[in-house]
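Visitor: Can you look at this prediction? I've put the sequence above it.
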Amino acid sequence: MRNFSKRALVSKRALVKGLAVAGLALACAVTAPVPGVAADKITVGALRFTSHAPSFVAFERGYFADEGLEVEFKFFQAAQPMAVAIASGDVDFGVTAVSGGLINLAEKGAIKVVGGALQEEAGIDGQMILVSRAAYDAGVTTPADLKGRSFGITQAGSSFHYMAHKIADKEGFDRSEITLRPLQKVGAIIGALKTGQIDGWTIVPHIGKALAGGEEIEAIGMVADYIPNYQVTTVFTSTENVTDRPELVERFLGAFAKGAADFNAALVDKTAGEAAAEDMVRLIHKYVYVERPYEKAAPSIRNGAMRVNEGARLTLSSVSDQLDWFKSEGLVPETVTLDMLVDTRFVETD
C-alpha cells in the first residue's frame with residue numbers, strides 16, 4: 001500500500017510529517033489507536049465468497065482493531081446493492097466487482113474506488129467458464145461455442161455481463177449473439193445452470209470447481225484467457241470518507257492489506273505452511289459455506305483461493321478497460337472519467 005503520509009493531502013499526519021523527532025512521535029500518537037479512546041465504528045459490505053477473506057482475516061486477527069476500527073459486516077448477494085448501500089451511508093467500505101451501478105454512483109460523486117482486491121493472475125487458479133450438461137452434450141465444449149447460447153448474469157452491468165462480452169469479443173462473434181439472462185442472485189444462476197435453463201456462466205473457482213465436479217455442469221475455459229490481469233474486485237468507499245476522513249480510508253486499507261497478505265501466504269502462495277493453511281480455512285469457514293460441515297466446506301475454500309493484490313494495489317489499466325466497456329454498452333454516461341471513479345492516492349497502481 002502506498003505511504004499515505006507522502007501524499008500532498010492536508011491531514012494531521014501530513015502536518016506532523018515534516019517535524020523532527022518529537023513531531024514524528026506526535027504523528028504516531030495521532031494515527032495510532034489510543035488506549036481508552038473509543039474505536040471508529042465502520043460497516044463493511046461483503047459477499048460470502050472466499051474472495052472476501054482479507055476482510056474476514058483482518059477482523060478475526062485484530063488488524064482492524066489495531067487500526068482503531070470497530071467493524072460490523074453487512075452481507076449482500078450481488079455487487080450493485082452494496083454500491084447503493086455505500087452511497088446511502090449504510091455501509092462504509094465494500095469489496096466487490098466494478099459494476100454499472102457503482103460507476104453511475106461515482107459519476108454522481110457518491111463513491112470512489114480506493115484499492116484493488118481480487119485479480120486474475122497467470123499460474124493462479126481463477127474464474128471458470130461453465131456450461132450446463134445439456135449444453136455440453138449439445139456441442140458447447142469451448143467458449144467459442146457460446147455463440148447463439150444463453151448466459152447467466154445477476155444484473156445488467158454486472159461483472160458477469162462484462163465477462164460474457166469479453167468472451168464474445170475474443171472469439172470474434174457479436175456481443176448480441178450471446179443471450180444474457182439476468183437472474184439477480186448467484187444462487188438462482190446456479191439453479192438455472194444445473195437444470196439447463198441457461199447454457200453458460202462464469203464464476204470464481206471456489207464455486208466453479210465444486211459445480212464442475214458434479215454431473216450437471218462442465219467447465220470449458222478460464223476467464224484469464226480472455227481478460228488478462230483482470231482486476232476482478234476493488235475496494236471502494238464513499239466520497240465523503242475519501243474527502244473528509246482520508247486517514248480512516250488509510251487505516252481500513254492497512255488492515256485489509258494485512259489480511260490479504262495472510263490469505264495469500266496461506267492459500268495462494270502456500271508459503272506459510274500447512275498448519276497456517278488449515279487455520280486460514282477454518283477462519284474463512286466462519287463466513288463462507290457456513291451451512292456446510294467443515295469437512296465438506298474446506299476443499300471448496302482451498303480450491304477457491306485467487307490472488308488478492310499485495311498492499312491493495314490497483315490495476316488501473318483493467319479498471320479503465322471495464323469503464324470503456326460500460327460506456328460502449330451505454331450502461332454509464334460517456335462523460336464519466338476514470339478520475340471520477342478512482343482515487344489513486346491511497347495505493348500503488350499500474
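Guide: The structure has been received and is ready for your questions.
Visitor: Pull the contacting residues for residue 175.
Guide: 164, 165, 168, 169 (CB atoms under 8 Å, 6 or more residues apart in numbering). C-beta: built from backbone N, CA, C; applies to glycine.
Visitor: switch to 6 Å and redo it
Guide: Counting by CB atoms under 6 Å, 6 or more residues apart in numbering, residue 175 touches 165, 168.
Visitor: for residue 53, same thing?
Guide: Contacts of residue 53 (CB under 6 Å, 6+ apart): 263, 284.
Visitor: Recalculate using a threshold of 10 Å.
Guide: When contacts are counted by CB atoms under 10 Å, 6 or more residues apart in numbering, residue 53 touches 46, 60, 95, 117-118, 206, 259-260, 262-264, 266-267, 280-281, 283-284, 287-288, 301, 304-306, 308.
Visitor: go on, residue 199?
Guide: 130-132, 134-136, 138, 140, 145-146, 148-152, 178-179, 181, 192-193.
Visitor: how about a cut-off of 7 Å?
Guide: Under the criterion of CB atoms under 7 Å, 6 or more residues apart in numbering, the neighbours of residue 199 are 131, 132, 135, 140, 146, 149, 150, 151.
Visitor: pLDDT value on the last one, please?
Guide: Translated: residue 151. pLDDT recorded at residue 151 is 98.
Visitor: what's the answer for the second one, then?
Guide: The predicted local confidence for residue 132 comes out at a pLDDT of 98.
Visitor: same thing with the fourth one?
Guide: What the model reports as pLDDT for residue 140 is 98.
Visitor: give me the element residue 129 is part of.
Guide: Using DSSP states H and E, the element containing residue 129 is strand 128-132.
Visitor: Who are the packing partners of that strand?
Guide: Counting contacts by 3 or more CB pairs under 7 Å, 6 or more residues apart in numbering; DSSP states H and E, strand 128-132 packs against strand 200-203, helix 205-212, strand 217-222.
Visitor: For the shortest one, which helices and strands make contact with it?
Guide: Contacting strand 200-203 under the criterion 3+ CB pairs under 7 Å, 6+ apart are the following elements: strand 128-132, strand 150-153.
Visitor: Give me whichever of these is most buried.
Guide: strand 128-132 (a mean of 25; mean count of other CB atoms under 10 Å).
Visitor: After that strand, which helix or strand is next?
Guide: helix 133-137.
Visitor: Residues contacting that following helix, please?
Guide: 149, 196, 199, 200, 215, 216, 217, 218.
Visitor: Try it again at 10 Å.
Guide: For helix 133-137, contacts defined as CB under 10 Å, 6+ apart pick out 130-131, 140-141, 145-146, 149-150, 193-200, 214-220.
Visitor: Among the residues you listed, name the buried ones.
Guide: 130-131, 140, 145-146, 149-150, 193-194, 196-200, 217-220 (16 or more other CB atoms under 10 Å).
Visitor: okay, the helices and strands packed on strand 200-203 in JSON lines with distance to residue 110 next?
Guide: Formatted as JSON lines, the helices and strands packed on strand 200-203 follow (distance: least, CB to CB, whole Å):
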{"stretch": "strand 128-132", "distance to residue 110": "33"}
{"stretch": "strand 150-153", "distance to residue 110": "24"}
